[in-house]
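J.: Provide a 3D model corresponding to the input given below.
(2 chains)
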Amino acid sequence: MYVYDEHDRQMAAERVAQFRDQTRRALAGELSEEEFLPLRLQNGLYVQRLAPMLRICVPYGMLRSDQLRRLARITRDYDKGYAHFTTRQNVQLNWPALEDVPDILAELAEVEMHANQTSGNCIRNTTTDQFSGVQADEITDPRPYCEIIRQWSTFHPEFAFLPRKFKVAVNASEKTDRAAIRIHDIGLQMVRNEAGELGFRVHVGGGLGRTPMVGPVIREFLPELDLLTYLEAVLRVYNRYGRRDNKFKARIKILVKALTPEGFAEKVEAEWAHIKDSPTRLTPEAIERIKGFFTEPPYEALENASDLLARQRFENRGFDQWLSHNVDVHKKPGYAIVSLTLKKTGTPPGDVTDRQLEQIADLADEYSFGEVRVTHQQNVVLADVRQDRLLELWQAITPMGFGTANLNTLTDIICCPGGDYCALANAKSIPVAEAIQRRFDDLDYLYDLGNIDLNISGCMNACGHHHVGNIGVLGVDKKGEEFYQVSLGGSSHHDADIGKILGPSFAREDMPDVIAKIIDVYVDHRTEEEEFLDTYRRVGIKPFKERVYA
Amino acid sequence: MPDVIKADGSVRQDNWVVVPRPEEGESLAIPSDQPALIPADLWLAGYGHFTGNDQIGVWFDSHDEPEIIADKVNELPLIGVNFPRFVDGRGYSIARLLRERFGYRNELRAIGDVLLDQLQFMKRCGFDSYVLRADKDISQAAKCLNFFSQGYQAATDTDLPLFRRRA
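T.: Model prediction:
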């Protein structure tokens, strides 16, 4: 994992001092609310429905155990003893006091954390695949490139006041896309060209919100050394020409659409031609230096523990289910990737208590070299667990509430905080998630249904990624009442697609029935090999419509 | 006379005025006794007329294209870039283009909704003078120009991004 040097530490400290000064001036009335707004947002601080909300950055989802313990302490000392993992691999506190925020940021800086650019119209946290570095099928570990982008985008003097927020995601797996890069402002797919050189396929203009779009490719191959100059060209074109007259048309996707992807690409290429050999061009040494922080942990030379696991599975059905669903194949023999699910029914998806944060830290130290990864599905991954310790780990996490064996199933719901917490929301989202989880509480049935992404957002801003859920639920406000619109067929993976709206919206109490009917149609129509999305794509929306609105 | 902040944080006064774009049917009102910044496209339109006049500079609004005077920038003693609202970040790109692409060497001034907390970004993008919005406390400018002792990126102020300094 990346470790700060004196430069990073100095800038982190200066940032805290700057925000302390800005907060003081805001409280003294020297900065108006409007003037303070982008400053506090770029330090992670929203003012929400019930209290301020602080969004803490977890760069590309990586956390060390000491950082988890510090987060736990901060939630205890400054908040109500719990935190929320977000759909962009970050952590949110829901109840900090405005005047405490500089102190919280100082505590974070001590463990090499920050809240920089987690909000506001600037370049946000770069996200990636939670299995980076431990999966067999990736081109290369994408995290060093995420760190390079993090440094380049941090306090970038030209791009702190963009037309709108700007999100970059990197994926390096050839077969899967756990980073949902096609729904980002810039999605970078790592590839090798015919000569075997490393680079990126560049997607620009994906996004959710009011105008959901899958990002088109604007460059098939960008050599790795050109990464930052090319990003700078994209951002400069966006900064100059993106719309600023209408907040809802200000994302880069609108500009890409207006110019057409080809027209946009031409503008970027023309800009890039001027700066591609500028000092911002990366050097092999600079990349190597960052890669040096993402070396393998001291793995032991092990064999796969197949016989042992087979025996343990046979003897213990719950372990068997968990192993099938929440444990993934590791590139090293004898190791496994474990997802701790934060989706226990009755707990808002992604919420953890201070005690649970400490438990996760202890688990990381005991089982996974002291590191964890946060996923955009709001779960936490232990990436390097010995196979012969899986049973012991499963026994440890089950009472902690991290062992619900529902990963990637219908009840592994992505869900924003919604109207319970968020000032922007039109409707509550957490109670809908909980009602659906209660309705589908039979694990065997869930496994039989296979992988289904169910995503819930409380408003058009789409923090719950409803557009790309196989089943998407969007909270809407109708004359002061909360209703829910359902869409089908979305995907955030390699076959990314925006879901289609099923029809008129539903009352909250009807939602479990609506989901049940949708699932029934799938079960009636599916063939042996089909997942939900396959069946939907084959039969279309009509049979679902007929059943739900019958 | 406005107080003008310099990149080193010092404050001086000068009497440059910003001449607004004339309304339809009106002509440009250039003062006879003061140096003036006029809209860049109008300067270009009257190019022969203004040549060699060191009392005339130009200003760009945030949606203007600095490319129109790309080969003539150093004929100007002063260029202003307007920030109509402080959250409009286009001026930062305009400044870098003027400095880094067109090689502008004379004074580059931030005008309009110029506040304290953006000064260091402006400095890094090549502005070397700033007319702070009148209600802001000019005594804090020097501090705000120097919140950070370094940056990660190359910009107008440095050819050495941190990754090159670390190597």
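J.: what separates the helix or strand harbouring A:R219 from the chain centre, distance-wise?
T.: For A:R219, the host element (DSSP states H and E) is strand A:217-223. Taking C-alpha atoms, centre = their mean, to the nearest Å, the mean C-alpha location of strand A:217-223 is offset from the chain mean by 23 Å.
J.: quick one: mean pLDDT for it?
T.: Over the span of strand A:217-223, the pLDDT mean works out to 98.
J.: surely A:E220 touches A:H203?
T.: No: the pair formed by A:E220 and A:H203 falls short of the contact definition of C-beta atoms under 8 Å, at 10.6 Å. No exception for glycine: its C-beta is placed from N, CA and C like everyone else's.
J.: ok, the two, which is more surrounded?
T.: Using other C-beta atoms under 10 Å in any protein chain shown as the criterion, A:E220 and A:H203 rank with A:H203 on top: 26 against 12.
J.: ok, what's across the strand from the more buried one?
T.: A:G187, A:V217 (DSSP bridges).
J.: got a list of what whatever residue of chain A ends up closest to chain B touches?
T.: Of all residues in chain A, the one sitting closest to chain B is A:F161 (2.9 Å; C-beta to the nearest C-beta). Going by C-beta atoms under 8 Å, 6 or more residues apart in numbering or on different chains, A:F161 touches A:P38, A:N121, A:C122, B:F86, B:V87, B:D88, B:G89, B:Y92, B:Q118.
J.: the fifth one contacts A:P38, correct?
T.: The one in question is B:V87. Yes: B:V87 is within contact range of A:P38, at 6.0 Å (criterion: C-beta under 8 Å).
J.: need the residues touching each of those two.
T.: In terms of C-beta under 8 Å, 6+ apart, B:V87 and A:P38 are both contacted by the residues A:N121, A:F161.
J.: near chain A, which residues of chain B?
T.: Residues of chain B found near chain A (C-beta under 8 Å from any C-beta of the partner chain) are B:86-90, B:92-94, B:96, B:100-101, B:115, B:117-118, B:120-122, B:124-125, B:137, B:143, B:147-155, B:159-167.
J.: re the thing from before, nearest to A:V214 among the contacts of A:F161?
T.: Nearest to A:V214 among the contacts of A:F161 is A:N121, at 22.8 Å by C-beta to C-beta.
J.: and the strands in chain B, which stretches?
T.: B:3-6, B:11-13, B:17-18, B:36-39, B:56-60, B:78-83, B:107-112, B:129-130 (DSSP state E).
J.: strand partners (parallel or antiparallel) of the last one?
T.: Same thing as strand B:129-130. Neighbouring strands of strand B:129-130 in its sheet, by DSSP bridges, are strand B:3-6 (antiparallel), strand B:107-112 (parallel).
J.: give me the buried positions along the first one.
T.: Burial within strand B:3-6, assessed by neighbour count using 16 or more other C-beta atoms under 10 Å in any protein chain shown, is assigned to B:V4, B:I5, B:K6.
J.: go through the strands of chain B and name the closest to A:L357.
T.: The closest of the strands of chain B to A:L357 is strand B:78-83. By C-beta to C-beta, the value is 42.3 Å.
J.: pull up the pairing partners for the closest one, direction included.
T.: Sheet partners assigned to strand B:78-83 using DSSP bridges are listed as strand B:56-60 (parallel), strand B:107-112 (parallel).
J.: dump those to CSV, plus mean pLDDT and mean neighbour count.
T.: Shown next, in CSV, are those (pLDDT from 0 to 100; neighbours: other C-beta atoms under 10 Å in any protein chain shown):
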stretch, mean pLDDT, mean neighbour count
strand B:56-60, 97, 24
strand B:107-112, 98, 23
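J.: could the ones you listed go into a markdown table alongside distance to A:V380?
T.: Output for the strands paired with strand B:78-83, formatted as a markdown table (distance: least, C-beta to C-beta, whole Å):
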| stretch | distance to A:V380 |
| --- | --- |
| strand B:56-60 | 49 |
| strand B:107-112 | 45 |
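J.: of the ones you listed, which is nearest A:A115?
T.: When the strands paired with strand B:78-83 are compared (using C-beta to C-beta), the closest one is strand B:107-112, at 27.6 Å.
J.: other SSEs contacting whichever strand or helix holds A:R538?
T.: Using DSSP H and E, A:R538 maps to helix A:532-539. Applying 3 or more C-beta pairs under 8 Å, 6 or more residues apart in numbering or on different chains; DSSP states H and E, we find helix A:532-539 packed against helix A:511-525.
J.: all good on my end, thank you.
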